[in-house]
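Enquirer: This is a predicted model, with the sequence first.
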Amino acid sequence: MSSAPRNPDRKKVTLTKLAEMRALGEPVVMVTAYDHPSALAVEAAGVDMVLVGDSAANNVLGYDSTVPVSVEELLMLTRAVRRGLSTPLLVGDLPFGSYEASDEQAIATAHRFVKEAGCDAVKLEGGGASVQRARAIVRSGVPVMGHVGLTPQTAVALGGYRAQGRTAERAAEVMRDAIELQDAGCFSIVFEAIPRDVTDLLMAHMEIPVIGIGAGPSTDGQVLVLHDLLGIHDGHKPKFVKTWADVRGEMIRGVQAYAAEVRGRTFPGPEHGYGIPPEELERLRRLRPRRSAPAYDW
C-alpha cells in the first residue's frame, strides 16, 4: 500500500505518543476526512489523528444519515485516506450493523479495517453492548476508540440529534458508559454534544485521552469534520461547529468563472493547447483522405 511522503519535522503519532500528549497537557488535534486530497491536506497541516467517520454517509455519499453507509464504502474511503497519510494516527469508524450482533462480527469487521485499509485503530459508538464489543476487539489485537454522548448511529433512540447529559440521570449514564469503555481497554474516547459542566466532571474519572466535539474545552483534544471547518458544504451545521474557510464559496466562484470563459470563448487560449511543427501539418494536409476515398486509403 503506497503512502504519502513523510513530514520530516514530525514523527508518526502512536498510542504512546497520544498518552504522552495527555500527560503533558498538549491538546490533540483530530480531523474527520474521507478522501485522498483531504488526507494530503491534513497531513501537511500537521494534525495528530484522522478519523474516517461514518459521517461520510452524509458529507460525501449523499445519504440522509449515517445509518445506510456500508463496510465496503467505508473501506474504500479509508484506503484512499491511508494513501495520503504518513504521520497522523488513522482511525476507521465501524458502521452501523457491522459490530453489534456478536463479538465475532465485531472482531471480523475491525480486522478488515486494519488489514484491508491500513487503520491504526477503529472506533465504535455507545456503551452497553458496545462495551463488550470493544473489549473483544481490543483482546483481538486492535486498538479501539469509544464514543459516548450523542451517538449518530442511534440518534433516533436518543430523541434526535441533540445534546446528551442535560439531566442528572442521562449524564450519569454517559459517565457510566465512558468509564466502562475505559475499563474495557479503549485507548481513547470521543465525547460528543455533552454540556461542558458535565464534561468537566467526567474528565476527573478519565485516564485515557478524551477527544471532544461539542463537549467543551476541558477534553484532551478536539475533532471536527473537515467539510464543516472548511465550509465545504452549506447544510445544517451543529452549534459546536466553527468554520475557518469558505471552500464551497470558492468552488462555486471558480466554476462560475470557468463557465463564463467557456461561454465567452476566451478559454481555452493559445497557452492551453499543443502545437504541431509546420512541416508535419503540411504532411498531414497531403495525407488526409479525400471525401470520396474509403477510410482504409489513409
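Expert: Ah, there it is. Numbering: from 1, shown residues only.

Enquirer: which residues of the protein fall in strands?
Expert: Remark: strands assigned in the chain by DSSP state E are 28-32, 49-52, 89-93, 121-123, 144-149, 188-192, 210-213, 221-225.

Enquirer: who's in contact with D93?
Expert: Shown in contact with D93 (C-beta atoms under 8 Å, 6 or more residues apart in numbering): L51, V52, G53, D54, S55, L74, V122, K123, L124. All C-beta spots, glycine's among them, are computed from the backbone N, C-alpha and C.

Enquirer: and what of V60?
Expert: Y34, D35, L77, H227.

Enquirer: Apply 6 Å and report the result again.
Expert: Y34 (C-beta atoms under 6 Å, 6 or more residues apart in numbering).

Enquirer: Quick one: the helices in the stretch 51-200 of the chain, in order.
Expert: 56-59, 71-82, 103-115, 129-139, 168-183, 196-203 (DSSP state H, counting those that start in this stretch).

Enquirer: Serialize these to CSV and add fields for mean pLDDT.
Expert: Conversion of the helices of the stretch 51-200 of the chain to CSV gives the following (pLDDT from 0 to 100):
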stretch, mean pLDDT
helix 56-59, 94
helix 71-82, 98
helix 103-115, 98
helix 129-139, 97
helix 168-183, 95
helix 196-203, 95
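
Enquirer: Looking at these, which is nearest to G275?
Expert: The closest of the helices of the stretch 51-200 of the chain to G275 is helix 71-82. By C-beta to C-beta, the value is 36.8 Å.

Enquirer: name the helices or strands packed onto that closest one?
Expert: strand 49-52 (3 or more C-beta pairs under 6 Å, 6 or more residues apart in numbering; DSSP states H and E).

Enquirer: List the strands paired with the strand it packs on, with their directions.
Expert: strand 28-32 (parallel), strand 89-93 (parallel) (DSSP bridges).

Enquirer: Pick the most buried one from those strands.
Expert: Comparing those by mean neighbour count (mean count of other C-beta atoms under 10 Å), strand 89-93 comes out on top with a mean of 28.

Enquirer: which residues touch stretch 36-52?
Expert: 4, 13, 28-33, 77-78, 80-81, 83-85, 88-92, 226.

Enquirer: circling back to that earlier point, how about the helices of the stretch 51-200 of the chain in CSV, adding mean neighbour count and distance to K237?
Expert: Conversion of those to CSV gives the following (neighbours: other C-beta atoms under 10 Å; distance: least, C-beta to C-beta, whole Å):
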stretch, mean neighbour count, distance to K237
helix 56-59, 23, 12
helix 71-82, 21, 21
helix 103-115, 19, 28
helix 129-139, 21, 27
helix 168-183, 18, 23
helix 196-203, 18, 19
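
Enquirer: can you put these in TSV and add distance to M145?
Expert: As requested, those are arranged in TSV below (distance: least, C-beta to C-beta, whole Å):
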stretch	distance to M145
helix 56-59	17
helix 71-82	14
helix 103-115	11
helix 129-139	9
helix 168-183	9
helix 196-203	16
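
Enquirer: To R22, which of these lies closest?
Expert: For these, the distance to R22 is smallest for helix 196-203, at 10.7 Å, taking C-beta to C-beta.

Enquirer: Please export the C-alpha coordinates of the closest one as PDB.
Expert: The C-alpha coordinates for helix 196-203 follow below in PDB (Å, rounded to 0.1, in the frame of the first residue of the first chain):
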ATOM      1  CA  ARG A 196     -19.300  21.400  29.300                       C
ATOM      2  CA  ASP A 197     -20.000  21.200  33.000                       C
ATOM      3  CA  VAL A 198     -20.800  17.500  32.700                       C
ATOM      4  CA  THR A 199     -17.600  17.000  30.700                       C
ATOM      5  CA  ASP A 200     -15.600  18.800  33.500                       C
ATOM      6  CA  LEU A 201     -17.000  16.300  36.000                       C
ATOM      7  CA  LEU A 202     -16.400  13.300  33.700                       C
ATOM      8  CA  MET A 203     -12.800  14.300  33.000                       C
END
